[in-house]
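Q: Fold the following.
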Amino acid sequence: MARRRQLEAPSAEALKEIEAGIDQELSRTAVRPPIADVVADAAMRASPLPQADREAYAKDKADAERLREAEGKGLVAVEIPIHQITADALSRDRMELNEDEMQELMTSISVNGLRLPIEVYVPQHVEDGAQYGLISGYRRLAAIRRLNAMSGGERFPTIAAFVRDPGGVKEALVAMIEENEVRAGLSQYERGRAAAMAVYDGVFTSVDEAVAVLFSTASKAKRSKIRSFALVHEDLGDLLSHAIAYSERQCLRLATALRAGLTEDIRAALERADPRDGEEEWLVMLPLVEQAEGAAPDPARGGRPKVKEKPVVTGREKMANGIEIARESGPNGYAIRFYGKEVTADLVDTVMDSVRHLLEPK
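A: Coordinates of the predicted model:
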């Protein structure tokens, strides 16, 4: 049986000689540990770009994510061709545009460009090739369209717009009214008309609901008045030509006459008249309004009784020459009122002479 050889640990000098030999051999053959090659290859495949380019790529990616998030919230304005926008997707609350203000706005846009984008949304139903419905910016869109037409279509073919997701037509109407209330207040009649039209379009089931939602920030008293303005539009809107010129007091008085049951009488008076402005139109209805104010109050409606009796005006009679006459009676006696463009001071003097002749003893 062979004898086992006893192993001895190498001396320090021997270990140094072994290490030196290994280092010399590795440097000559350029051999690297396999793990080093794996790591280097993975790093090259993962980041093939230089460091500066990788940083720029990461920044661009972050910017793109922020842009997509902002676009999703409707915070990024885009250029939209003006022919793709319809201003009538919602029943507009504003009925007329002040021409002087429009000229100033057109001049500003022509010189300085559009400073504030409009707001649009994508409606469920579109007409005439339009893809967007207008929420706010009616005057700005109208000004851009005029400028485009004046240039023969060469300038302002598009308009900057925020594409909103209002969550429904109700929210879009609220946004439109809020924008006009803040930037350029609506007339009293326009407020009531907006509520009445929203009901007509089927957005709300009643005027009360429409007023409560569209004017939620208004006081209780103001909402009550807006309901009266809505009544004026519902009963007379198709015959009134100058209603936006009426004051709050006039609208409320007119609503009182309608509630008193004089709707048909007022409509008949408006159908016979051809007023040139708001003042003439109001004078056509005033006798009937005053008649309603002079009527005995309905006990069911409460309130203080009227102490002073108001004159009562009968329905008008139209003469062959177009003049209308009406009899007025009150605590101070009787009077005859004349209406129409043909009424002059000379005509009244002639009538007075005829009355004197009638009343003088023969």
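
Q: mind exporting the helix or strand containing residue 227 as CSV, just the C-alpha atoms?
A: Assigned by DSSP states H and E, residue 227 belongs to helix 220-236. This file holds the C-alpha atoms of helix 220-236, laid out as CSV (Å, rounded to 0.1, in the frame of the first residue of the first chain):
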residue,chain,number,x,y,z
LYS,A,220,-82.7,83.2,-4.8
ALA,A,221,-84.2,86.6,-5.7
LYS,A,222,-82.2,86.8,-9.0
ARG,A,223,-83.3,83.3,-10.0
SER,A,224,-86.9,84.2,-9.3
LYS,A,225,-86.5,87.2,-11.7
ILE,A,226,-84.9,85.1,-14.3
ARG,A,227,-88.0,82.7,-14.2
SER,A,228,-90.1,85.8,-15.0
PHE,A,229,-87.8,86.7,-17.9
ALA,A,230,-88.2,83.2,-19.2
LEU,A,231,-92.0,83.5,-19.1
VAL,A,232,-91.7,86.7,-21.3
HIS,A,233,-89.8,84.7,-23.9
GLU,A,234,-92.1,81.7,-23.7
ASP,A,235,-95.2,83.8,-24.3
LEU,A,236,-93.9,86.6,-26.5
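
Q: Who are the packing partners of the next helix or strand after that helix?
A: Using DSSP H and E, the helix or strand that follows helix 220-236 towards the C-terminus is helix 248-259. In terms of contacts (3 or more C-beta pairs under 8 Å, 6 or more residues apart in numbering; DSSP states H and E), helix 248-259 is packed against helix 188-200, helix 220-236, helix 263-272, helix 278-294. In this view, the C-beta of every residue, glycine as well, is placed from N, C-alpha and C.

Q: Give me the contact list for helix 248-259.
A: 188-189, 192, 225, 228-229, 231-232, 235-236, 243, 246, 266, 282, 285, 288-289, 291-293 (C-beta atoms under 8 Å, 6 or more residues apart in numbering).

Q: Just the buried residues out of these, in PyMOL syntax.
A: A single PyMOL command suffices to select whichever of the contacts of helix 248-259 are buried according to 16 or more other C-beta atoms under 10 Å:
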select buried, resi 188+189+192+225+228+229+231+232+235+236+243+246+266+282+285+288+289+291+292
